[in-house]
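Participant: Return a 3D structure for these sequence lines:
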Amino acid sequence: MHRINPGLRTPAPWVKLVILSAVLGCSPAQSRVTRIVLDTTTSPAFNGASFGTAGQYETIAGRAFGELDPADPHDAIIQDIALAPRNAAGKVEYISTFFLVKPIDLSRSSGLMWHDVPNRGGRITIGTFDRNNGDIGLSSGWQGDNSGATAQQPAPGNTNDYVVVPVARNADGSSITGPVLGTIINASGVNSSPMIVYANPVPYKPASLDTNQATIVTHTSEGVDGAVTGTATVPSTDWAWASCSASNPFPGTPDPTQICMKNGFNPALAYNIVFTAKDPYVLGIGFAAFRDVASFFRYETRDENGTANPLAGRVAWAASRGTSQSGHFVRTFIHLGFNQDEAGRKLYDASWPNVAGRHTLLNFRFAMPDSASLLYQPSAEGPMWWVDYPDVLRNRPVNGLLDRCSANNTCPKIIETFGGAEMWDLRYSGGMVGTSADADIPLTRNNRRYFIPSTPHAGGSGGFSVTPLAVPNGSGFNYGACTFAANPMPYTQTVNAITFHVRNWIMKGTPPPPSRYPTLVGHTLVDPTKEAIGFPSLPQVLASATPAAPTGLVNPILDYDFGPRFRYPDQSGIIDNVLPNILHVVPMKVPRTDADGNDLGGVPVVLRDAPLGTYLGWNVTAAGFHKGQICSFTGGMIPFATTLEQRLATGDPRLSLTERYGSHAGYVAAVTAAADNAVAQGFLLPADHDALIAAAAASNVLQ
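Facilitator: Okay, here's the model as predicted:
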């Protein structure tokens, strides 16, 4: 029997759903997690600190053992689940690690459980803001290609979150094979190199080490629009699946994870390796595992062996959150219908994909979830918009991300946060204006979209300083150094305020502030050219590898032909063409800027409104294969000159610090005004307001 926590003022919303199920004659609620193991408990955690009215916290690391029915409509959408091995009951098994962060005395908790999606096999611990509010944190595994574990021998330590999923096999038990693409860029010399997908090795191995069974295609250039030049094929005799070095030259020691080139790698080339892999993981099970773990901790009292749920009866509300790759998971999770558990219950009251406008690469054969908007990688094949909307350019059905949950009334409230880098390199405008890019797509009343202007991916380090940060390297894929200093524009204080509003939306029904983001109709969303944006002519940019920047930098959505077995609307199925033809280049839009080059159309951010320079959602690659292209999604910053004389000497059109603020006290006054404005609009909390003003007073600005 479920019980209502007597310490909570409002009964958990799921009570109504259970009653409704009984009235309608539905089967009794049954989570698909069959057993949990509590491996490690730390109590008290966080060095014994006490948080708000919740007091001390504890953490519990464990494993959840689950099973799925391949015939269940909730799970049938999982690619290759019908080809996964089954237990004696005909079910497909998985193991997911989890990590709970909870008040020791759960009667003092808020009743809200945040289910955070780990990024690339990491682990999430809810922060001080959540703990001060008495919230519960749950992190659990979903990515099965990087666990380093098997069902028989999970990875030791339980210090990160992953899911152990089976390998699909043909009906006769033989290995399934298929084409896979691996890439090597900016490699040089005689040492062998692994194939990389974003920042991690390709998770699949070749079915054969015979190089006649694979192909390496090289390019001398690859544009963001998919245009390539200098295509050539490396003879099969000139490379090997092997580990090699100067002391162990070609053909080296056989190794299915390394490529050895007879004459060494040429850093001026991109190497695209097309090979036949075997034994694909059934990675889509990660969606079901994430769903079932949340369902167990939200709804169940104990597992089938009698082990008690540590949260039993104490979760009244639940919300999912994910950032970047994990945010893409949140969007695809909703799109594929996983916000309804196998008992028909709504899982999350709200979902928050942060800096994520596309789909995660999980539910197709030989999927590689670590991919990140690079050439030939799928990521935006399905709808990127929430409501039903036509996809005329790609000739796809009218659909939206909420179609499945709308059909069974299980849609969560949606919160989106994103910034400049997502617009420039992570293809965010597709979900705002569609593939035709000629109209603003509306949101539902249960959506909020907040643009945090002039930010790098997931926000910068914050602070007020006239000392530029170090020049960053491009994120992942061995991009190498960028051109401009790192962008410090922060997310932290804005996200704290949005979290405050989201909690009230979920728990009290109080709507958050209206959405704030660039639009076509508002003339703050424009073509990605310097002229359309209104970006100033800065001497630092004119001297860079791409003097016309930001013209030509945006990373567009590419419409690929992956073959007839790929289900584009669901980004699922089987890819037959791993070096696909490009059918269309989807037009992108980006924010217009002010005279300083800082983004318009977003929520108020103190550093943006009391700037020390131009904060870029883009950066320029300084050297290497991608020289002159966008430097991944790092963002950049170009400081203002200190004095009028300094800026005139370089031809900088932007006002200097002294022209803007006059003195240190003048800058503190500008920060104070910006902070007051952000509080008034609901995008800064009072405690953060005071802390930012104190930080500005202690800064080196015009000291």
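
Participant: Check what pLDDT residue 121 gets.
Facilitator: Listed pLDDT for residue 121 reads 87.

Participant: and it, what is it in contact with?
Facilitator: Residues in contact with residue 121 (CB atoms under 8 Å, 6 or more residues apart in numbering) are 141, 143, 146, 147, 160, 161, 162. Placement of C-beta: from N, CA and C, glycine included.

Participant: try residue 177
Facilitator: So residue 177 contacts 207, 276, 277, 278 (CB under 8 Å, 6+ apart).

Participant: Only whichever of the residues you listed are buried, select them in PyMOL.
Facilitator: Buried members of the contacts of residue 177, defined by 16 or more other CB atoms under 10 Å, are picked up in PyMOL with:
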select buried, resi 207+277+278
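
Participant: Now, the contacts of residue 177 that are in strands?
Facilitator: Mapping those onto strands (DSSP state E) picks out 276, 277, 278.

Participant: didn't the second one look like it was pressed against residue 208?
Facilitator: So the one you mean is residue 277. No. In this structure, residue 277 is not within contact of residue 208 by CB atoms under 8 Å, at 10.2 Å.

Participant: For stretch 109-118, what does the pLDDT average out to?
Facilitator: pLDDT averaged over stretch 109-118 gives 98.

Participant: returning to what we had before: just name the closest of the contacts of residue 177 to residue 608, please.
Facilitator: residue 277 (45.8 Å; CB to CB).

Participant: give me every residue that touches that closest one.
Facilitator: Contacts of residue 277 (CB under 8 Å, 6+ apart): 177, 178, 179, 180, 204, 205, 206, 207, 366.

Participant: Distance to residue 37, pLDDT and secondary structure for those residues - can I get that in CSV?
Facilitator: CSV is the format used below for those (distance: CB to CB, whole Å; pLDDT from 0 to 100; DSSP: H, G, I helix; E, B strand; the rest coil):
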residue, distance to residue 37, pLDDT, secondary structure
177, 35, 98, strand
178, 35, 98, strand
179, 38, 98, strand
180, 34, 97, strand
204, 30, 95, coil
205, 30, 95, coil
206, 36, 97, strand
207, 35, 97, coil
366, 31, 97, coil
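
Participant: Taking those together, which two end up most distant?
Facilitator: 179 and 205 (13.6 Å).

Participant: out of the two, which sits in the busier spot?
Facilitator: Applying other CB atoms under 10 Å to residue 179 and residue 205 shows that residue 179 carries more neighbours, namely 19 against 15.

Participant: now the helices: where do they sit in the stretch 501-650 of the chain?
Facilitator: Assigned by DSSP state H, counting those that start in this stretch, the stretch 501-650 of the chain shows helices spanning 530-533, 539-542, 606-609, 644-650.

Participant: Determine which stretch of those is the most buried.
Facilitator: helix 606-609 (a mean of 24; mean count of other CB atoms under 10 Å).

Participant: Find the residue at the geometric middle of this structure.
Facilitator: Per CA atoms, centre = their mean, the C-alpha nearest to the average position across the chain is that of residue 324, at 1.7 Å.

Participant: List the residues that contact that residue.
Facilitator: Residues near residue 324 by CB under 8 Å, 6+ apart: 119, 354, 355, 356, 457, 458.

Participant: What residue spans form the domains of this protein?
Facilitator: 177-278, 388-399+414-559+587-703 (automatic domain parsing).

Participant: In CSV, list the ones you listed along with distance to residue 134.
Facilitator: CSV is the format used below for those (distance: least, CB to CB, whole Å):
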stretch, distance to residue 134
domain 177-278, 36
domain 388-399+414-559+587-703, 10
